[in-house]
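S.K.: Sharing a model prediction with you, sequence too.
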Amino acid sequence: MSETTATEDDGLLVHGSLMMGYAQACQSLKIVIGRDARRYIDGLEINRWYPLSAWRSLEELVVRHYAAVGPILVKVGMEMMKGWYHLGPGRELITRGQDFLHFQTGGGGFRSVVKGPPERVGTFELAYFDPKRGRAVVRSTTPFQRQMECGVLIGGMLAPGDIDYVDVVNDQGSNLLEVEFH
């Protein structure tokens, strides 16, 4: 996969580690296999930046194979974070599930793998957090699929093993991800 210039995609760039995580999650879950997967995965470099259109090409591999893509994207997001935590830097960065929620909505998570003009990048921010009740709300205005973001939150919060249950709900068309955890 070749890297194109930022101007070809309005300046929004996605880090290669995010691209690799998505592609590897699809392979691990056997969602996308064969020539289609190899065509997109073989040329990826983990430390390069790619235009949003390259991310959309990876998404298209999943979207065109499934009628009900929402649950599949949740699984992909969960698998991405499982790999990030157990095979990548996750263990060094967070020790508790709640830590992931703060990491992902702060400068260390989302903002470390997406860059570009603020109006294009959007936000992924913690709008509400009540650890005693096990509730949080994340506001997302990113250009990414909300179902995948739900999976990222579920997988990242479950990865350290200190939380037994996480559910993330997003009503169609809403920018709010409602998180429940115990």
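M.R.: Yes, it's here. Predicted, not measured: the structure shown is a model, and the values here were computed from it.

S.K.: which regions of the chain sit below the pLDDT cut-off?
M.R.: Across the chain, the ranges flagged by pLDDT under 70 are 1-9, 32-38.

S.K.: now the helices for it?
M.R.: For the chain, the helices defined by DSSP state H cover 16-28, 35-41, 52-63, 69-86, 90-93, 97-105, 110-113, 118-121, 146-158.

S.K.: Redo those helices as TSV? Include distance to residue 179.
M.R.: C-beta here means a position set from N, CA and C on the backbone, and glycine is covered the same way. As requested, the helices of the chain are arranged in TSV below (distance: least, CB to CB, whole Å):
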stretch	distance to residue 179
helix 16-28	20
helix 35-41	31
helix 52-63	23
helix 69-86	13
helix 90-93	18
helix 97-105	7
helix 110-113	15
helix 118-121	22
helix 146-158	6
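
S.K.: So for residue 138, which of those sits nearest?
M.R.: Of all the helices of the chain, it is helix 97-105 that lies closest to residue 138, at 5.8 Å by CB to CB.

S.K.: wait, which of the helices of the chain is closest to residue 139?
M.R.: helix 97-105 (8.8 Å).

S.K.: pull the CA atoms of the closest one into PDB?
M.R.: Provided in PDB are the C-alpha atoms of helix 97-105 (Å, rounded to 0.1, in the frame of the first residue of the first chain):
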ATOM      1  CA  GLY A  97      -9.500  -0.900  32.600                       C
ATOM      2  CA  GLN A  98     -10.500   2.600  33.800                       C
ATOM      3  CA  ASP A  99      -7.000   3.800  33.000                       C
ATOM      4  CA  PHE A 100      -7.700   2.800  29.300                       C
ATOM      5  CA  LEU A 101     -10.800   5.000  29.200                       C
ATOM      6  CA  HIS A 102      -8.800   8.000  30.300                       C
ATOM      7  CA  PHE A 103      -5.800   7.100  28.100                       C
ATOM      8  CA  GLN A 104      -8.000   6.700  25.000                       C
ATOM      9  CA  THR A 105      -9.900   9.900  25.500                       C
END
